[in-house]
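Asks: here is a sequence together with a model predicted from it:
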Amino acid sequence: MNYNLEELQDRIKTIANLPTLPHIASRLMQIVNSPNTSADTVAALVSQDISLSAKVLRLANSAFYGIPKSINTLNNAVVILGFKIIQTMVLSLTVFDMFTREDDEDGASFDRNAFWKHSLRCAVIARLLAHRRRRTFALDPEEAFCAGLLHDVGKVVMEQYLNQDFHKALNHARTNGVSIFEAERDVLGYTHCDVASWLTGSWSLPDEIEQPLVCHHEPEEATICADSVMICHLADTLSEIDENDEDAVRETAASLEQKARMVGLSARDLTEAAAEIGAEMERASVFIGKQ
């Protein structure tokens, strides 16, 4: 990256009302890895937000997690699903709510529904790939899912707070047939990944979630959590193709094979993951359905 991130940070700092991570999610990031944290503590924290509590229980009882018995209380949800799943669930739900609004006329060229559907596709593919990787040190599939769901959060921040710049990039991408990432870099000198880097710097996210948000377009730039970043990069690329187009799936998997091997995956793993996208999307749709 050959542009000055400090200049971008200074510019963004002048914008009023940039979002901070709400207290419950922020506090959960802080306590979830402490040996002194109990299920009661986590449940009590989440229960402070009635709406969030209802969403967590709804997700906990959804087909996505496949728990065979009904989960009726937050405490049971924490005990049965575990701290890590609750953490990524709360973070995903919180950020989704922070940046969900109806598309308006001014934002017509940026379809938020399509944006979140793409994000969910990336998330479910990342989760599938994390389950398949063959390494001694496993990647957490739930962290991979969360990173995938939030990987493009910088775009929605730009659309909401740097609207003119973002729409210049969108128009350039459409006119010249290039990706939004390339258009941002060429027209603006910064990208949604840079925005995500600044925005999440104060959110205390796990590195395995934060780094994919920052480096998923340039995985070679990752200096930590390189495997998490590469999984997100692979998932993002696969999410752009039609999983029912067998030729496209094979060609894309073959083109990604060298990168896949870097994280203990094969081209076959990619094609098998693609075959499961439809069913997984149906199960995961609860994340972006009516809350």
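Replies: Nice, thanks for sending it over. Numbers count the residues shown, from 1 in each chain.
Asks: does residue 265 sit in a helix, a strand or a coil?
Replies: The three-state label given to residue 265 by DSSP: H, G, I helix; E, B strand; the rest coil is coil.
Asks: which residue ranges form the strands in the protein?
Replies: In the chain, no strands are defined using DSSP state E.
Asks: can you report how many residues neighbour residue 232?
Replies: Residue 232 has 32 neighbours, counted by other C-beta atoms under 10 Å. Yep, even glycine has a C-beta here, placed from its N, CA and C like the rest.
Asks: now do the same contact list for it.
Replies: With contacts defined as C-beta atoms under 8 Å, 6 or more residues apart in numbering, residue 232 is in contact with 122, 126, 144, 147-148, 151, 212, 216, 219.
Asks: recalculate using a threshold of 10 Å.
Replies: By C-beta atoms under 10 Å, 6 or more residues apart in numbering, the contact set of residue 232 is 122-123, 125-126, 129-130, 144, 147-148, 150-151, 208-209, 211-213, 215-217, 219, 222, 225.
Asks: how about residue 86?
Replies: 28, 32, 39, 42-43, 45-46, 56, 59-60, 74, 77-80, 142.
Asks: so where's the longest helix in the protein?
Replies: In the chain, ranked by residue count with DSSP state H as the criterion, the top helix is helix 112-132.
Asks: how about that one: buried residues?
Replies: 112, 115-116, 118-130, 132 (16 or more other C-beta atoms under 10 Å).
Asks: just the C-alpha atoms of it, please, in CSV.
Replies: Output in CSV follows, covering the C-alpha atoms of helix 112-132 (Å, rounded to 0.1, in the frame of the first residue of the first chain):
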residue,chain,number,x,y,z
ARG,A,112,-27.2,-3.0,1.2
ASN,A,113,-29.3,-6.2,0.9
ALA,A,114,-27.0,-7.5,-1.8
PHE,A,115,-24.0,-6.4,0.3
TRP,A,116,-25.1,-8.4,3.3
LYS,A,117,-26.0,-11.4,1.2
HIS,A,118,-22.5,-11.4,-0.3
SER,A,119,-21.0,-11.0,3.2
LEU,A,120,-23.0,-14.0,4.4
ARG,A,121,-21.9,-16.1,1.4
CYS,A,122,-18.3,-15.3,2.3
ALA,A,123,-18.9,-16.1,5.9
VAL,A,124,-20.4,-19.6,5.3
ILE,A,125,-17.7,-20.5,2.8
ALA,A,126,-15.0,-19.4,5.3
ARG,A,127,-16.6,-21.6,7.9
LEU,A,128,-16.7,-24.5,5.6
LEU,A,129,-13.0,-24.1,4.6
ALA,A,130,-12.0,-23.7,8.3
HIS,A,131,-13.6,-27.0,9.0
ARG,A,132,-11.7,-28.6,6.1
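Asks: by contact count, what packs against it?
Replies: helix 83-98, helix 141-150, helix 153-161, helix 226-239, helix 267-275, helix 277-284 (3 or more C-beta pairs under 10 Å, 6 or more residues apart in numbering; DSSP states H and E).
Asks: quick one on the thing from earlier: what's the PyMOL syntax to select whichever of the contacts of residue 86 are buried?
Replies: Listed next is the PyMOL selection for buried residues among these, using 16+ other C-beta under 10 Å:
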select buried, resi 28+32+39+42+43+45+46+56+59+60+74+77+78+79+142
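Asks: out of the contacts of residue 86, which sit inside helices?
Replies: 28, 39, 42-43, 45-46, 56, 59-60, 74, 77-80, 142.
Asks: rewinding a little: now the contacts of residue 232: which count as buried?
Replies: Among those, those classed as buried by 16+ other C-beta under 10 Å are 122-123, 125-126, 129-130, 144, 147-148, 150-151, 208-209, 211-213, 215-217, 219, 222, 225.
Asks: I'd assumed residue 153 was in contact with residue 198.
Replies: No. Assessed by C-beta atoms under 10 Å, residue 198 is found out of contact with residue 153, at 11.6 Å.
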